[in-house]
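Asks: After the sequence you'll find the predicted model.
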Amino acid sequence: MDKLLIKGGNRLHGEITISGAKNAALPILCASLLAETPLNLSSVAALKDIDTTIKLLGMMGVKIDRNADKVSLDASEVASFEATYEMVKTMRASILVLGPLLARFGNARVSLPGGCAIGSRPVDLHIKGLQAMGAAIHIAHGYIQASTLHLPNRRLQGARYYMDMVTVTGTENLMMAASLAQGTTVLENAAKEPEVVDLANCLIKMGAKISGAGTDVITIEGVERLRGADHNIVCDRIEAGTYMVAAAMTGGEVKLLNVQAHLLDAVIEKLREAGAIVTVGTDSITVKAEGKLKAVNIRTAPHPAFPTDMQAQFMALNTVASGVAKVTETIFENRFMHVQEMQRLGADIGIDGNTALVKGVEFLDGATVMATDLRASASLVLAGLVARGETLIERIYHLDRGYEHLEAKLNALGANVQRVS
Ligand code: EPZ
């Protein structure tokens, strides 16, 4: 198992290029199942979760050609409509094949995702939405068996569906399913994340009729068929936010390229509140900080509010900022797994339900810590960058799921990070 060895204390300086968004690429790769001709993507990051999704689609019969960040997917001859437990347990986002399989082929057998480190993460809203469109869904032996064979023309029927929780992949699954349904679907209380908008933009290029993406009401007028298209994946705002925090915490100056600042309003506001200087260009963001940052209160909520995927990173910032901060997680019920690990580094954090109270300390001291989930592991890297001495992070396969060439990017900025087996 690989580990990351970090020698703390270096200020980060320089430029890095942000990769394509993992959480936009995953649904968009699955959208290839909807099209009868090839979907050609660019800015597809080299990440484990992307590899997993490509493997899953390949197992279904999608012909895939991948070269660097370019991926072409041809779903003209899909032979299998199944996502097995072995595939889904390694990546819960595999659930995103359910909507497209049902919409295009009228048949899908997808394993229920188990829970995960950050929470139970059910998919009941995905299922209820598809049932609202007429799908017959039977759950047995840990699998979702879905079919539209009983419906007129064997097609999903447009419906109005209110999601009683904001769900990102739920909105994405239902938007993809509705694209080929008979009639019009209205998704209410839809997720507004930029990755939902990027998927909608790609589907529209494929011939879908979608309006309202980015608002909480998305209207999809079903069409007979979808075709392939060319699409460049939107930048990864969470990767960008993670490096912005790294620049601020280490008291350096870093310019991020290939990032659109309007995707990160809440994060930029919090960094400025903490005392960092954030300068915005058309496709770049520069973060500069000197001296101690100020502790900032964080409360996560659906976009455009502060993103839950940046909570752990700001927790790291608060551990060495001056003052006391409250960090409240409202999306997932167990997204404080990084707290105990940070305490091993000397952080002063107390948890009360879904709120953590973080008292800034003068220094963190390096130690061996364990990554538990993707963003928690990123927060431990940030803490290691400022801790005195060496920090060894175990189980960094979590990091490889969501951060492309992490140690190369950090070392290019002057960090001292080594991958050790
Ligand atoms: C997406 O997960 C992201 N993953 C997550 O990023 C992100 O943290 C999350 O959205 C919230 O922004 C991808 O896009 C692949 P949700 P998702 O459905 O869609 C509950 C990362 O680090 N819920 O928006 O699975 C759920 O339990 C990952 O890249 C139901 O109850 O999250 C949670 O409490 C981590 N029933 C809340 O809603 C459902 O049917 C939000 O979940 C669906 C969700």
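Replies: Yep, it's here.
Asks: Next one: residue 291, what pLDDT does it get?
Replies: According to the prediction, residue 291 has pLDDT 86.
Asks: Quick check: the gap between the spatially closest residue to it that is not a sequence neighbour and the ligand.
Replies: Setting aside the residues directly before and after it, residue 291 is nearest to residue 251 in space (C-beta to C-beta, 6 or more residues apart in numbering), at 6.7 Å. (C-beta placed from N, C-alpha, C; glycine too.) Using C-beta to the nearest ligand atom, to the nearest Å, residue 251 is found at 27 Å from the ligand.
Asks: how about the strands of the stretch 301-421 of the chain, start to end?
Replies: In the stretch 301-421 of the chain, strands defined by DSSP state E, counting those that start in this stretch lie at 324-328, 348-352, 355-359, 368-370, 390-394, 416-420, listed in chain order.
Asks: dump the residue contacts of the residue in the stretch 1-150 of the chain that the ligand sits nearest to.
Replies: Residue nearest to the ligand within the stretch 1-150 of the chain: residue 125 (3.2 Å; C-beta to the nearest ligand atom). Taking C-beta atoms under 8 Å, 6 or more residues apart in numbering, we find residue 125 in contact with 163, 164, 165, 167, 170.
Asks: Help me confirm that the residue nearest to residue 291 comes into contact with residue 277.
Replies: No - the pair formed by residue 251 and residue 277 falls short of the contact definition of C-beta atoms under 8 Å, at 11.4 Å.
Asks: Closest to the ligand out of the contacts of residue 125?
Replies: Compare each of the contacts of residue 125 with the ligand using C-beta to the nearest ligand atom and the shortest gap goes to residue 167, at 3.3 Å.
Asks: Just the element for the residue lying closest to that closest one once chain neighbours are set aside, please.
Replies: Once flanking residues are discounted, residue 167 sits nearest to residue 125: 5.1 Å by C-beta to C-beta, 6+ apart. Under the criterion DSSP states H and E, the helix or strand holding residue 125 is helix 124-132.
Asks: Moving C-terminal from that helix, which element do we reach first?
Replies: Once the chain leaves helix 124-132, the next helix or strand it forms, by DSSP H and E, is strand 136-140.
Asks: Please report how far the residue of the stretch 1-150 of the chain closest to the ligand lies from residue 225.
Replies: Remark: distance between residue 125 and residue 225 (C-beta to C-beta, to the nearest Å) = 27 Å.
Asks: And residue 281, how far from residue 253?
Replies: For residue 281 relative to residue 253 (C-beta to C-beta), the value is 14 Å.
Asks: from the contacts of residue 125, which is closest to residue 297?
Replies: Sorting the contacts of residue 125 by distance to residue 297 puts residue 165 at the head of the list, at 23.8 Å, by C-beta to C-beta.
Asks: contacting residues for that closest one?
Replies: Counting by C-beta under 8 Å, 6+ apart, residue 165 has contacts 125, 189.
Asks: Out of the strands of the stretch 301-421 of the chain, which is closest to the ligand?
Replies: Across the strands of the stretch 301-421 of the chain, the ligand has its closest neighbour in strand 324-328 (14.1 Å, C-beta to the nearest ligand atom).
Asks: buried ones in the closest one?
Replies: Buried residues in strand 324-328, counted by 16 or more other C-beta atoms under 10 Å: 325, 327, 328.
Asks: For residue 316, list the residues it contacts.
Replies: Contacts were defined as C-beta under 8 Å, 6+ apart; by that measure residue 316 touches 245, 249, 338, 342, 379, 380, 382, 383.
Asks: Show me those that map onto helices.
Replies: Counting by DSSP state H, the contacts of residue 316 place 245, 249, 338, 342, 379, 380, 382, 383 in helices.
Asks: Neighbours of the last one, how many?
Replies: Residues near residue 383, counting by other C-beta atoms under 10 Å, number 32.
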